[in-house]
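Chemist: What follows is a protein structure lacking sequence information:
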């Protein structure tokens with residue numbers, strides 16, 4: 001009899017513990033729902049559980065015919081998450097960008113906009129916008145390699161600085177809701193700028209045009225400029241906020257670079273050289289910050305050199321990047337890190 005009572009007591013104890021655990025789990029979930037919205041997991045976080053994520057994007061593709069339009073249009077974004085559950089989101093898309101939106105012969109770059117109320121209902125953070133970088137040229141093999149090299153460039157800067165955008169590579173099935181036509185392409189997502197600011201504890205810099213060098217965080221500016229020189233990119237300008245996001249860090253402006261398709265490391269076929277800056281080939285490394293920095297860059301350059309192994313390994317680790325592309329990229333980086341190319345300042349300093 002006593003043995004039977006003990007067994008029942010143990011069973012009740014276990015059930016009580018399970019019940020308390022479930023209640024605590026529910027309270028924890030409710031706590032996340034009602035806690036600091038910027039500390040919740042984001043939709044971007046959820047998409048980053050594997051190296052290449054397969055997604056479906058359904059919309060009326062006739063909406064892409066007017067590349068100059070800023071009109072948003074409905075779409076459905078779906079994927080299988082880390083717990084093997086199918087996720088489907090009603091979103092809005094619109095064409096974005098400047099050069100690529102009209103010059104790309106294939107899919108233009110897109111902006112993805114989730115609904116804040118849907119994110120909130122799912123217990124996710126409010127960050128609702130992401131940029132989608134897409135195929136730009138018709139040759140699918142070339143388009144894939146170009147995307148991988150630009151994606152890689154973001155990953156390289158992740159190794160240089162924490163003040164950098166996260167990216168996620170995608171294999172996308174596009175479905176035209178009007179015709180039912182499907183096509184598969186690659187692309188990658190860039191983290192929401194608001195999420196980047198929140199993640200790093202930064203604030204908006206209100207007036208990004210006409211920045212003076214004394215408003216800038218000096219080390220950040222030198223780091224960005226040296227990185228852009230390393231990858232052979234002159235398609236940026238901190239004074240104009242061109243291809244950099246400017247943010248407030250303790251009262252100083254910092255730059256976070258993006259959009260690297262005009263760089264020598266990517267080597268897109270549609271790139272045009274900026275002869276006003278003295279760029280003669282894509283191998284030229286031009287330093288687009290304060291010319292006087294060149295006299296005291298040794299310490300910063302040493303930090304780049306010290307990261308050589310991890311930078312080269314980052315190149316080697318990029319899945320689907322061809323052997324030839326990896327070899328060319330490593331050579332391009334080594335030319336800079338071994339100081340086999342000259343670091344130049346612009347011929348027309350007034351263009352800075």
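Modeler: Alright, I've got the coordinates. This is a predicted model, so every value here is computed, not measured. Numbers count the residues shown, from 1 in each chain.
Chemist: care to break the chain down by domain?
Modeler: 38-194, 202-351 (automatic domain parsing).
Chemist: Quick one, grab the pLDDT at residue 349.
Modeler: With respect to pLDDT, residue 349 has a value of 52.
Chemist: For the stretch 151-300 of the chain, just list every one of the strands.
Modeler: With DSSP state E, counting those that start in this stretch as the criterion, the stretch 151-300 of the chain has strands at 167-176, 182-190, 203-204, 244-249, 252-257, 285-286.
Chemist: would JSON lines of the ones you listed with distance to residue 48 be doable?
Modeler: In short, each C-beta sits where N, CA and C put it, glycine included. Shown next, in JSON lines, are the strands of the stretch 151-300 of the chain (distance: least, Cβ to Cβ, whole Å):
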{"stretch": "strand 167-176", "distance to residue 48": "5"}
{"stretch": "strand 182-190", "distance to residue 48": "9"}
{"stretch": "strand 203-204", "distance to residue 48": "25"}
{"stretch": "strand 244-249", "distance to residue 48": "20"}
{"stretch": "strand 252-257", "distance to residue 48": "18"}
{"stretch": "strand 285-286", "distance to residue 48": "32"}
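Chemist: Kindly reformat the ones you listed as TSV containing distance to residue 91 and mean neighbour count.
Modeler: Output for the strands of the stretch 151-300 of the chain, formatted as TSV (distance: least, Cβ to Cβ, whole Å; neighbours: other Cβ atoms under 10 Å):
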stretch	distance to residue 91	mean neighbour count
strand 167-176	14	19
strand 182-190	12	18
strand 203-204	24	12
strand 244-249	22	19
strand 252-257	24	22
strand 285-286	39	20
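Chemist: so which of these gets nearest residue 146?
Modeler: Closest approach to residue 146 among the strands of the stretch 151-300 of the chain (Cβ to Cβ): strand 182-190, 9.7 Å.
Chemist: ok, that closest one: who's next to it in the sheet?
Modeler: Partners of strand 182-190 in the sheet, by DSSP bridges, are strand 129-133 (antiparallel), strand 167-176 (antiparallel).
Chemist: For it, which outside residues touch it?
Modeler: Defining contact as Cβ atoms under 8 Å, 6 or more residues apart in numbering, one finds that strand 182-190 is touched by 44, 47, 106-107, 112, 130-135, 140, 143-144, 147-148, 150-151, 154, 165-176, 258.
Chemist: low pLDDT regions in the chain?
Modeler: For the chain, the stretches flagged by pLDDT under 70 are 1-38, 348-352.
Chemist: All the helices of it, residue numbers only.
Modeler: When secondary structure is read from DSSP state H, the chain shows helices at 2-34, 43-47, 99-103, 116-121, 140-160, 193-200, 218-230, 298-306, 308-317, 323-337.
Chemist: Go through the ones you listed and name the closest to residue 88.
Modeler: Per Cβ to Cβ, nearest to residue 88 of the helices of the chain: helix 116-121, 10.4 Å.
Chemist: buried stuff in that closest one?
Modeler: residue 119 (16 or more other Cβ atoms under 10 Å).
Chemist: Name the nearest residue to residue 282, sequence neighbours excluded.
Modeler: Once flanking residues are discounted, residue 282 sits nearest to residue 264: 3.6 Å by Cβ to Cβ, 6 or more residues apart in numbering.
Chemist: hang on, I meant residue 288
Modeler: Closest to residue 288 by Cβ to Cβ, 6+ apart is residue 225, at 5.5 Å.
Chemist: wait, doesn't the one you found sit right on residue 293?
Modeler: Yes - applying Cβ atoms under 8 Å as the test, residue 225 and residue 293 come out as touching, 7.3 Å apart.
Chemist: Could you tell me which residues touch both of these two?
Modeler: Contact with both residue 225 and residue 293 is made by residues residue 287, according to Cβ under 8 Å, 6+ apart.
Chemist: quick one: contacts for residue 247?
Modeler: 196-197, 200, 202-205, 253-254, 256.
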